[in-house]
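> Provide a 3D model corresponding to the input given below.
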Amino acid sequence: MDIKTRCFISCLFLLHILPITHSTICGTSETTVGESDPNSFQNSFGSGTDVGYLIEDPNYQVPCCGIVNKWEFYASRTGNLECQIWRKNSANEYMLVGENVINRGSTGEYLYTVPSTNSISVKPGDYVGWYTSTTEMISYNTGNSYPILNRRKTSLGDRTAGDLVDWSTTGPQTSGSNRQYAIRAIVKQGNTPQFSFGTSVTVTVPESTASGAAVYVFTVTDADPQDTLTMEMVSTDNSFFILDINNKQIVTTQSDIPNQASYVMEVKVYDDCRLTQTGTVTLTVPNTALTIDNLPSNGTVKEDETAERKLLDLTVTELHDGYTCTLTTSNVPFIVKQVNTANPTYGVYLIDWPQLNYTKTSSYSLSIECEDGTATATGTYTVDVIKNNDPTIDNTNWVVSIDALTAKSSDVIFTVSTTDSDSTQLTYSLSCTPAGCPFDILNNGYTGKVVLTDRLLRHTTAGYNINVIVSDGWNTVGPSTIDVTITNINNDPVLTNLPDSINVLENLPLATSVFQAFANDTDSSDPKVFRASFDKEWAAQYFTVNSSTGIVYTSSSDNINYDLLPSPPSFLMYITVTDGKWYDTDHLSVQIQNVNEHPVFSQTHYSSSRTEGAGGSSFPTIRYEVSDPDSADTKTYSLDCGSDTNRFSISSSTGTISFQGDYNLDDGVSPSEVNCTVTVTDADGLSDNCTLTLHVRHDNEFTPAFAQASYSVTVQSYEITGQIVQTIQAADQDLSSHGHGKYSYSLAPNDRFDVLQNGSIYVKNVTDLYDTAATFTLSLTATDQAGRSASVPVVVTVPRYATTIAPSYVDRPYYFLDKSTDMAWFIPALVCGLLSMIFFGVFCYKCVVDCKCRKPKCDCCKRKKIWRPKPVQVVLPKPKALPMEKPKPKEPPMKPKPAKERSAPKPEIKHWTRVRTPAEERADLSSPVYRERPQPTQNRDSKRSIPIPAKPYSPPPSYSSPTADTFTLLSRDYSGADQSTFIGDRGYIEFDAQNRPQGRKTYEFWTDMTNEYV
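Just a heads-up that it's a prediction; the model follows:
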């Protein structure tokens, strides 16, 4: 393809992608696309079948936007011809815009007019093509002067509009005689889209239309079926309506559109060729008529109503302009008002405290008016008053008798029964003759119940008349009289001899009588019981009263101590006497008199301890707890330590012990323990003493130290957990005989190594460093009992352990109880087995042991009966003892055969194994990978790796973790645990010759390490 052709194709492509403008619209006159005279090109014709053509010659390219009106071609054969329009989509891909199928029953030139319903919409840059499913029918002429931009595609097949076809394998013709085909398309301007209403329309929009509602839907038509129609807003005079171009409709933007107005919107619609139709829409919003929909109406109120109540909600049709409603009838106990501030509706209400009177007014006619500023609506609401009826009292028996011994406050003695057809809210009241009766009548849920307000034992009046009145708020009935009689009224007991005050000395003997109270009661048969109470709580600890005699005693357990009593040591004693029905109470003042006492140590022995030190150093404060009832007395302390008294001194006021001189236990003379006597004396010379033991301890004076400034250790990655790699201990100058040479050790960090309390560093976990080398710098700290500590760095090197043998894995053994399906049949089978064993055991016992002819099928019953005499018991004499047999001579022991020499067993290579998870077992049950490792060299003292437990050995409960890795020991002998594998925390697995796991429990070992062995 030459440069000119390439430039031409590029220009065509740019023309295709440029937007369509008004200058590219086809005219109303016809425009030819192709050969203007197809009849001149009938020299040759093709012979292929199912062939399509696409002509890229500029002559066959559509120059404007419009529709295909006609097709003209010269047919060399008869049949169906599909005349097509193609649109370039990419370099070699074209889209079929549309086609017209033309049937030719004869050869020759033919002009076909396309019906309007089948017209094809074209755009500038579209190409003419055709397709015949039978033998080619369009003729052509050849010549070098003809265009060469022809594409021919076999097996094109029937296509529909919108199909994309790749013409890359049928590029434009570039060699040979060029062809000019006898076909042309005639295009012209398309049809303009039209609104169904023409150029203008008027639409009425109800005032109640909601926001977002469609108020008008456009109907637009276009005679060109393939045109795409687009709508736009040209102009508008409001913001209440917008054009929804996607759904071609006008929608509202708010719910409250001002009424009594018209709104104009100008819109347009255009097709792909920008043929445009403009229309005007006028929107009118009329005002909605105002009506009261639920008037006239009737209602009722009761004559005794007193609170405000809503009688009717007004239903008004006018929800967007706003309206107000008022009551135009005056001097009535009713009002029309808004229901609430959030609700714009109105209601008819009975006012608060209306004072309705059926006799005066039995009905009200209320005139109500509503208006929205434009229109007014009125209605009538009629309210009838319902007359209130008097309550009635229904009781017939009005006599009540009350026993003063059993009656108590709040008892119900009578219930007034009433009836009121108008109201259940009745009010009760009462009055008594004589006045001051101990009765009341209840309202509010306890309607009509007459109750006692006090006990009756002390009342002197033997009877009352109770007058009951009932009211419903409008009418009052009564009084009705209840005749009440009170029996068994009690005479009260009275105390007669209580003085104003008495004096009591402290330290009186326990249970000493100090006073006796007397009382009189005219009811001689009533018992008299005395009780005492006190205005101060501490007094009840020291005094009590005899309930039958009234004698006041000192306590039988607590001695009265003047010095321990609160100041002032006096109180009021309240003595009460009761006959079980009523009581009398009086009081007297009790004064406690002081007596002097000596001080007393609370215990006979004390001790104190401290370390050796310089003169004047004090022992810790000793809490002597000296009790002296005379709290004002001064106390003086003295010390007697025998021959060692000069070594110590005591504070006379506090009793604190100190060294008189330097105290050093290392001199071999100063004792570490001294027994002394401490004496305390009060101001009057009264004293007490106790024993004091002084303990002097050796002082821990030195800080521990390590022998080296640092330590280095090499550990192999195959070392087992618990392997001791090195022991490092500290020392200081404190004597171990004093307990100062003991240390506690710690190691940081301790995730891979840790230390025992004897300074031994052991392995915790280095197995994951098998194929890598690592160095760890640890800090070992030793702390003595005084809290002094020293640290030293320990560098642990783990060299890389190289191997080429893959690890082996052993599947976890399958156990019978691992599956629930095994238990499903095992338990029923076990139960059936047990029942069968019981059945056969009973059967055998009946047929063999208890062989009595009670079962005809038993073999023992078929034996012939033989007479036997009745056995007689014979007593034989005791046999004489037989001589003992002589013991046989012992045979000489067998000499052991000489053992044959056996060749030394081959060393076994043991494996590090890991119990696989259930997921690994399901993934691969038959392909274990074995990894053998060379035998490592001996690492220091291997006998210290695992401590051998002492015998007799009682291992702790086993513990295993099903998810823990399993490791096999390498060439070591641990108390016969050959071919053993550590599992989880303390479990083992033993391997047989086929490397199958068998459960086995060997010994365990324990250390004081913080982590257990794995």
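
> any stretches of the stretch 751-900 of the chain with poor pLDDT?
802-820, 848-900 (pLDDT under 70).

> redo that, cut-off 90
751-752, 757-759, 764-774, 776, 784-788, 798-830, 839-900 (pLDDT under 90).

> those strands in the stretch 451-600 of the chain, which residues are they?
Taking DSSP state E, counting those that start in this stretch as the test, the strands found in the stretch 451-600 of the chain are 463-471, 476-487, 494-495, 501-505, 513-516, 519-520, 529-534, 543-545, 551-554, 570-578, 583-593, 600-601.

> who wins for proximity to R309 among those?
In terms of Cβ to Cβ, the element of those nearest to R309 is strand 463-471, at 21.7 Å. C-beta: built from backbone N, CA, C; applies to glycine.

> CA atoms only: put the closest one into PDB for me.
Written as PDB, here are the backbone C-alpha positions of strand 463-471 (Å, rounded to 0.1, in the frame of the first residue of the first chain):
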ATOM      1  CA  GLY A 463     -67.800   1.200 122.100                       C
ATOM      2  CA  TYR A 464     -68.100   3.700 119.200                       C
ATOM      3  CA  ASN A 465     -70.600   4.800 116.600                       C
ATOM      4  CA  ILE A 466     -68.900   5.300 113.200                       C
ATOM      5  CA  ASN A 467     -70.800   7.500 110.700                       C
ATOM      6  CA  VAL A 468     -69.900   6.800 107.000                       C
ATOM      7  CA  ILE A 469     -70.600   9.200 104.100                       C
ATOM      8  CA  VAL A 470     -70.200   8.400 100.400                       C
ATOM      9  CA  SER A 471     -69.800  11.000  97.500                       C
END
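
> distance between that strand and the chain's centre?
What separates the centre of strand 463-471 from the centre of its chain is 64 Å, taken as Cα atoms, centre = their mean, to the nearest Å.

> equivalent analysis for stretch 516-530, please.
Here stretch 516-530 is found 71 Å from its chain centre; the criterion is Cα atoms, centre = their mean.

> for that stretch, measure first residue to last.
End-to-end distance for stretch 516-530, by Cα to Cα, to the nearest Å: 10 Å.

> for V97, give me phi and psi.
Main-chain dihedrals, V97, degrees, to the nearest 10: phi -80, psi -40.

> same thing with F843?
Phi and psi for F843, reported as degrees, to the nearest 10, are phi -60, psi -50.

> how about F839, secondary structure?
Classification of F839 using DSSP: H, G, I helix; E, B strand; the rest coil returns helix.

> any idea how far K70 is from L156?
Using Cβ to Cβ, to the nearest Å, we find K70 at a distance of 24 Å from L156.

> out of these two, which sits in the busier spot?
Taking neighbours as other Cβ atoms under 10 Å, K70 and L156 compare with L156 leading, 23 against 17.

> look up the closest residue to T433, ignoring the ones flanking it.
N465 (4.4 Å; Cβ to Cβ, 6 or more residues apart in numbering).

> mean pLDDT and distance to E109 added to the strands of the stretch 451-600 of the chain, as TSV?
Converted to TSV, these look like this (pLDDT from 0 to 100; distance: least, Cβ to Cβ, whole Å):
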stretch	mean pLDDT	distance to E109
strand 463-471	91	120
strand 476-487	89	123
strand 494-495	91	152
strand 501-505	90	155
strand 513-516	91	156
strand 519-520	90	153
strand 529-534	93	141
strand 543-545	93	147
strand 551-554	93	152
strand 570-578	93	144
strand 583-593	91	143
strand 600-601	92	148
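
> quick check, pLDDT for Y270.
Listed pLDDT for Y270 reads 94.

> let me fix that: Y743
pLDDT, Y743: 85.

> again with P38
At P38, pLDDT is 92.

> what residues are up against it?
72-74, 109, 182-184 (Cβ atoms under 8 Å, 6 or more residues apart in numbering).

> make it 10 Å
Listed by Cβ atoms under 10 Å, 6 or more residues apart in numbering, the contact partners of P38 are 71-75, 109-111, 138-140, 180-184.

> nearest residue to it other than its sequence neighbours?
Nearest one to P38, counting by Cβ to Cβ, 6+ apart, is A182 at 3.8 Å.

> can you give me the pLDDT of the one you found?
92.

> then T202?
94.

> phi first, then psi, for it.
phi -120, psi 130.

> SS state for L834?
Once three-state DSSP is applied, L834 turns out helix.

> how close does it get to D584?
Taking Cβ to Cβ, one finds L834 at 83 Å from D584.

> what is the burial count for D630?
Neighbours around D630, by other Cβ under 10 Å: 19.

> am I right that it is in a helix?
No - D630: not assigned to a helix; according to three-state DSSP it is coil.
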